[in-house]
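A.B. asks: Need coordinates for the following:
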Amino acid sequence: MSTMPSAQAVISFTLNGRPRTAVADPGETLQRLLQRMGIHAVRSSDDAEGFAGSDTFLMDGTPVLAGLLVAGQAEGKSIETVEAFMKNGRLSVVQEAMLDAGVVQSAYNAPAAVLLLEDLLRRRPDPTEDDVRDALSGLYSRSTGYVQYFLAVRLAAR
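C.D. replies: Numbering: from 1, shown residues only. Next comes the predicted model:
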């Protein structure tokens, strides 16, 4: 019995403000597709389990995990990765605040943290510590407590 390979899908979406079209294999995760497109800040750290949050990006303005989505779910969507926040070679306000606050102890999850804090500050310009905890609740980080994140958000909010 012969099995025919499944057809690849052509997906059109907006990536960091630019229209993009990509070809995805059946069942390919959005994380893998983005990495093939040169977006390496959408990290892989939990084998598509969803507990680490390293693969966080914004889809239509909402934080989601790329490793838990198939690439076809990006069709017609707007995707923002941490690369969207750097302008003319300069870090965003949140990225600079994270550096100033010392949130660089483990940079592996830093891109996801930037996205989560950017999203938080869009929704709440003056967030509380509980807001910060809630925003980062899906991000696993062993090497730093929330204290540096609280400081980074206060700096960025100013």
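A.B. asks: count of neighbours near residue 122?
C.D. replies: Burial of residue 122, expressed as a neighbour count using other CB atoms under 10 Å, amounts to 10. The C-beta positions use only the backbone N, C-alpha and C, and glycine is treated the same way.
A.B. asks: Next, the contact list for it, please.
C.D. replies: By CB atoms under 8 Å, 6 or more residues apart in numbering, the contact set of residue 122 is residue 61.
A.B. asks: element containing the residue nearest the centre of the chain?
C.D. replies: Most central in the chain under CA atoms, centre = their mean is residue 57, positioned 2.5 Å from the mean C-alpha point. Using DSSP states H and E, the element containing residue 57 is strand 56-59.
A.B. asks: quick one: contacts for the nearest residue to residue 43 once chain neighbours are set aside?
C.D. replies: Spatial nearest neighbour of residue 43, excluding adjacent residues (CB to CB, 6 or more residues apart in numbering): residue 54 at 3.7 Å. Residue 54 makes contact with 42-46, 108-109, 111-112, 139-140, according to CB under 8 Å, 6+ apart.
A.B. asks: need the contact list for the residue lying closest to residue 41 once chain neighbours are set aside.
C.D. replies: Of all residues not flanking residue 41 in the chain, residue 111 sits nearest, at 3.7 Å (CB to CB, 6+ apart). When contacts are counted by CB under 8 Å, 6+ apart, residue 111 touches 41-43, 54, 56, 81-82.
A.B. asks: Which of these fall in strands?
C.D. replies: residue 56 (DSSP state E).
A.B. asks: list the buried ones in the longest helix anywhere in the chain?
C.D. replies: Determined from DSSP state H, the single longest helix within the chain is helix 110-123. Within helix 110-123, the residues scored as buried using 16 or more other CB atoms under 10 Å are 110-121.
A.B. asks: That helix: how far from the chain's middle?
C.D. replies: 8 Å (CA atoms, centre = their mean, to the nearest Å).
A.B. asks: Next: stretch 76-89.
C.D. replies: 10 Å.
A.B. asks: buried stuff in that stretch?
C.D. replies: Per 16+ other CB under 10 Å, stretch 76-89 contains these buried residues: 77-82, 84-85.
A.B. asks: Helices of the chain, start to end?
C.D. replies: 30-36, 93-101, 110-123, 129-135, 146-157.
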